[in-house]
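Enquirer: 3D model of this:
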Amino acid sequence: MASEISLIQEAAHMRHGSNIGQPLTRREGVLKVTGQARYAADNHPHGMLHAVMAVSSIARGRVTFLDVRAAKDHPGVVEVMTPANRPALAEDPDAKTNPFMFRLDVLQNDEVRYANQPIAVVIAETLEAATEGAALLSPEYDALPPRIGLDAGESFVPQAVGVGNPSELRRGDVDAGLAAASKHVDATYETPAQYHNAMEPHAIVATWDGDALSIDTPSQGLALAQGRIAGLFGISPGKIHIRSPYLGGGFGSKGFMSGPQVLGILAARLVGKPVKLVLRREHMYGPVGHRAPTRQRLRIGADGSGRLTALAHHARTVSSSFDDFFEPAAGASHTLYASPAIATSHDAVRVDTGTPLFMRAPGEATGSIALESAIDEMAWACGMDPLAFRLRNYAEVEPISGKPFSSKALRECYAQGAERFGWSKRQPAPRQWRDEAGLLVGWGMGTATFPALMFQGEARAVVRSDGSGVMETGAHDMGQGAWTALAQIAADGLGLEPERLEFRSGTSDLPDAGIAGGSSHTATAGMAIHNAGAAVIAKLADLATGDERSPLFGAGNAGVVARAGRLFRRDDESRSESYADILGRAGLAEIDARGQGAADPAAQSTYAMHAHGAVFAEVKVDPDLGQIRVTRLVGAFAAGRVINPRLVRSQIFGGMIWGMSFALHEQAITDRRSGRILNANLAEYHVPVNADVPALEALMIDEHDRHVNALGIKGVGEIGITGSAGAVVNAVWHATGVRVRRFPIRIDDLVTAAASG
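Expert: Sure thing, here's the model as predicted:
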């Protein structure tokens, strides 16, 4: 395992300059493609048993019978865990003591709150025996009619949306602005429920040794998971060791401990042996979060010159019957377009579903597809090119707050993206353009934005007497390349060539790197690493500059620079000394220091901090069959300092593909009679495959931001989805002349409209 959580970076790119900004390949890439990377479910401790969940086939009611005897009599079955024999917890799983805590279903009673809720766990010697035992439970229910959909019950205004954000915000007089407008758009858009569907399902391998717990599980927040487990089981966090070197995707679903993971720990406690529990694909549709559906009404007014006079964005969403997370969709209208009057609001309905939670660009993804569609509709109403209309309403300060932006290169994104795409050749009217095969061709665009967030993180840096270095932080790599990018920052911070640096990450016994969410991880963990490196170099410099035997004596901290394992005098670089010589003379085997990364409250209160981008899409539509094919996507993004352009481009591509998927593919379909999701699998829950992915191009616009953090890092994991979905939707309108406001766009939406037209 030690070799898996240590990185030795290649030195070639650092020989003549900073390691930051170099397009290094993923350091774990070879391990992954050769099958050597060990994911959670790849672990098999001695004596391990297998656990399989039995889940509810109803969405509301209670379990009245489980045939536990039949399951236990099955060959290989060791135990069946139900509410009757589940080990006790020290903390109520339905308690909430902070905004990042969500209620769990861990067999606390016989109540059923959603379909696919765990109702029992079968533990057996083999996976097959556990699976067959779960089928033998043959549950019976006292079922109630499920409450499903955006109109399932009486709506209410939640106290907050997202995590602590106001459900309503207002600036200026929207009613007056709409009354004064000469052009109006009043349109309602609907987005469906979506599910994360990471390649790696949620999994846990849990082993108890007395009151000490060892866990292998995918996690986007090791310290958060450690704290949650500690509270539930009444043990010290120091007694819990979590290993999570690799994640096969998370997208927000692995940011918090879920009920199934806790059930795996409980099962191990019940039987006194290591237990592995891996979710089946269909079991991921319920207990581990998803993106809630929305219905969004946008009312926009513009004057005769095409300038906005008012923008009102209202979003309805759903949450579960027992918890509170509300998709902050209307918040997408806070930051992009200059309007003297803006109002955003939310209401919600409780339904019988697993609790919706964070999913890539929560709020921004759902809100931006509606906002960008409405902006496109207004551009057409004003007789303006969509790009010209957006430039006419370009926001020089954040519209909802009036704060100046810490940096904003969106104009450059528009200009470079449009030039690369060839936007100037676009024909204004829809349904006017066909290719040589007779397919309708459409071009559309969307603006991308996502906040530049930072949480709190910590790192420990070490310089050894042999001149090598170590950087430790409990960071998370869910496929975005964190190990590589963070190690690049570490190498620069320690002034070492990368082959002299060992980078340790992915376990809970390392310093807390913060959560990998909100596109904040590189900024948070990166600043902790940067500061840890600076702190240990400062200690090293103190040793040298205070020692009369050193050629650096008297230089002082401000007078030295670290590079290639040596300290150099700034005023005379011919005078230098190696780390090894400094520590050797001091008689030290190593020297270490810690560093923290956190947002600057003063800067956050002064500036609006966002990444920006512009996405341009080309689609082709069969005029008779309504089949849609995205043929080109070009995006231009300004996201602060780029640590590794190769990895950033990969993240942007992933977001752009997901935006295309949002517009054309993804939708969870719920049976209103049973409350069950009908397409809870990767065959019928449609996501793009290679054949669906068009020519992709992502341009990174150079942007320097000295306010977001000392390294100038913004996030890129989520911004790609926010402009791409709207760009595809708008391109479909341009190709067909049919404005679809319910997503994903279906073939019958276009064919029916064409037939009626």
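Enquirer: following whichever strand or helix holds residue 620, which helix or strand comes up?
Expert: With elements taken from DSSP states H and E, the one containing residue 620 is strand 610-621. Stepping forward along the backbone from strand 610-621, the first helix or strand reached (DSSP H and E) is strand 628-638.
Enquirer: list the pairing partners of that next one within its sheet, with orientation.
Expert: Sheet pairing of strand 628-638 (DSSP bridges) gives strand 610-621 (antiparallel), strand 695-700 (parallel).
Enquirer: and the angle for whatever helix or strand comes next after it with strand 610-621?
Expert: The element immediately downstream of strand 628-638 (helix or strand, assigned by DSSP H and E) is helix 645-664. Here the directions of helix 645-664 and strand 610-621 differ by 50 degrees (axes from the mean of the first three to the mean of the last three Cα atoms, to 10 degrees).
Enquirer: may I have helix 645-664 as CSV, with CA atoms only?
Expert: Listed next in CSV are the C-alpha coordinates belonging to helix 645-664 (Å, rounded to 0.1, in the frame of the first residue of the first chain):
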residue,chain,number,x,y,z
PRO,A,645,-3.0,21.9,-18.4
ARG,A,646,-3.3,18.3,-19.4
LEU,A,647,-5.4,17.4,-16.3
VAL,A,648,-7.4,20.6,-16.6
ARG,A,649,-8.3,19.9,-20.2
SER,A,650,-9.4,16.4,-19.1
GLN,A,651,-11.7,17.9,-16.4
ILE,A,652,-13.1,20.4,-18.8
PHE,A,653,-13.8,17.7,-21.4
GLY,A,654,-15.6,15.7,-18.8
GLY,A,655,-17.8,18.6,-17.8
MET,A,656,-18.6,19.5,-21.4
ILE,A,657,-19.6,15.9,-22.1
TRP,A,658,-21.8,15.9,-19.0
GLY,A,659,-23.4,19.1,-20.2
MET,A,660,-24.3,17.4,-23.5
SER,A,661,-25.6,14.5,-21.5
PHE,A,662,-27.8,16.8,-19.4
ALA,A,663,-29.3,18.3,-22.5
LEU,A,664,-29.9,15.1,-24.5
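Enquirer: buried residues, it. List them.
Expert: Neighbour counts over helix 645-664 (16 or more other Cβ atoms under 10 Å) mark 647-664 as buried. Just so you know, the C-beta spots here come from the backbone N, C-alpha and C atoms, and that holds for glycine as well.
Enquirer: ok, stretch 598-614 next?
Expert: Neighbour counts over stretch 598-614 (16+ other Cβ under 10 Å) mark 598-599, 603-604, 607-614 as buried.
Enquirer: same list, the residues you listed, but as TSV with distance to residue 258 and pLDDT please.
Expert: Supplementary listing: the buried residues of stretch 598-614 in TSV, determined by distance: Cβ to Cβ, whole Å; pLDDT from 0 to 100:
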residue	distance to residue 258	pLDDT
598	27	96
599	28	95
603	35	96
604	31	95
607	36	98
608	34	98
609	31	98
610	30	98
611	29	98
612	33	98
613	32	98
614	36	98
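Enquirer: need those residues in TSV (columns: distance to residue 425).
Expert: Formatted as TSV, the entries for the buried residues of stretch 598-614 read as follows, by distance: Cβ to Cβ, whole Å:
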residue	distance to residue 425
598	47
599	43
603	42
604	42
607	38
608	34
609	35
610	30
611	28
612	24
613	22
614	17
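Enquirer: ok, which pair from the residues you listed is furthest apart?
Expert: Checking those against each other with Cβ to Cβ, the farthest-apart pair comes out as 598 and 614, at 31.0 Å.
Enquirer: does residue 357 lie in a helix or a strand, and which?
Expert: Secondary structure assigned from DSSP H and E places residue 357 in neither a helix nor a strand.
Enquirer: actually residue 95, not the one I typed
Expert: No secondary structure element spans residue 95, as it lies outside all helices and strands (assigned by DSSP H and E).
Enquirer: so what's it up against?
Expert: For residue 95, the contacting residues are 101, 103, by Cβ atoms under 8 Å, 6 or more residues apart in numbering.
Enquirer: if I look at it, how far off is residue 530?
Expert: Here the criterion is Cβ to Cβ, to the nearest Å. By it, residue 95 lies 37 Å from residue 530.
Enquirer: over to residue 38?
Expert: Noted for residue 38: a distance of 29 Å to residue 530, by Cβ to Cβ.
Enquirer: who has more neighbours, those two?
Expert: With neighbours defined as other Cβ atoms under 10 Å, residue 38 and residue 530 compare such that residue 530 has more, 25 against 15.
Enquirer: with adjacent residues omitted, what lies nearest to that one?
Expert: Residue nearest to residue 530 in three dimensions, not counting chain neighbours: residue 493, with 4.9 Å by Cβ to Cβ, 6 or more residues apart in numbering.
Enquirer: can you get me a residue count around the one you found?
Expert: Other residues near residue 493 come to 30 when the count uses other Cβ under 10 Å.
Enquirer: what is the least confident helix or strand in this structure?
Expert: Evaluated with mean pLDDT, DSSP states H and E, the helix-and-strand set of the chain has its lowest mean pLDDT in strand 6-7, which scores a mean of 30.
Enquirer: and the next helix or strand past that one?
Expert: Proceeding N to C from strand 6-7, the next assigned helix or strand is helix 29-33, under DSSP H and E.
Enquirer: quick one: buried residues of whichever helix or strand residue 378 is part of?
Expert: Per DSSP H and E: residue 378 is located in helix 364-381. Neighbour counts using 16+ other Cβ under 10 Å place 364-381 of helix 364-381 among the buried residues.
Enquirer: same question, stretch 576-592
Expert: Within stretch 576-592, the residues that qualify as buried are 576-577, 579-583, 591-592, counting by 16+ other Cβ under 10 Å.
Enquirer: what's the answer for stretch 425-432, then?
Expert: In stretch 425-432, residues buried by neighbour count (16+ other Cβ under 10 Å) are 426, 430-431.
Enquirer: any chance of these in CSV, plus pLDDT?
Expert: Conversion of these to CSV gives the following (pLDDT from 0 to 100):
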residue, pLDDT
426, 97
430, 97
431, 97
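Enquirer: now intersect those residues with the strands, please.
Expert: Among these, no member falls in strands (criterion: DSSP state E).
Enquirer: which among those residues gets closest to residue 719?
Expert: residue 426 (23.7 Å).
Enquirer: now do the contacts for residue 647.
Expert: Taking Cβ under 8 Å, 6+ apart, we find residue 647 in contact with 23, 26, 480-481, 484-485.
Enquirer: of those residues, keep whichever come out buried.
Expert: Of all those considered here, the ones buried according to neighbour count by 16+ other Cβ under 10 Å are 26, 480-481, 484-485.
Enquirer: other SSEs contacting the longest helix along the chain?
Expert: When every helix of the chain is counted residue by residue (DSSP state H), the longest turns out to be helix 521-545. With contacts defined as 3 or more Cβ pairs under 8 Å, 6 or more residues apart in numbering; DSSP states H and E, helix 521-545 has these neighbours: strand 457-464, strand 469-472, helix 482-494, strand 560-563, strand 566-569, helix 579-586, strand 590-597.
Enquirer: how about those in TSV, adding mean pLDDT and distance to residue 668?
Expert: Written out in TSV, the entries for those read as follows (pLDDT from 0 to 100; distance: least, Cβ to Cβ, whole Å):
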stretch	mean pLDDT	distance to residue 668
strand 457-464	98	34
strand 469-472	98	40
helix 482-494	96	29
strand 560-563	94	52
strand 566-569	95	57
helix 579-586	96	55
strand 590-597	98	36
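Enquirer: so which of the ones you listed is nearest residue 123?
Expert: Taking Cβ to Cβ as the criterion, helix 482-494 is the member of those that comes nearest to residue 123, at 34.2 Å.
Enquirer: could you check the pLDDT of residue 3?
Expert: The predicted local confidence for residue 3 comes out at a pLDDT of 29.
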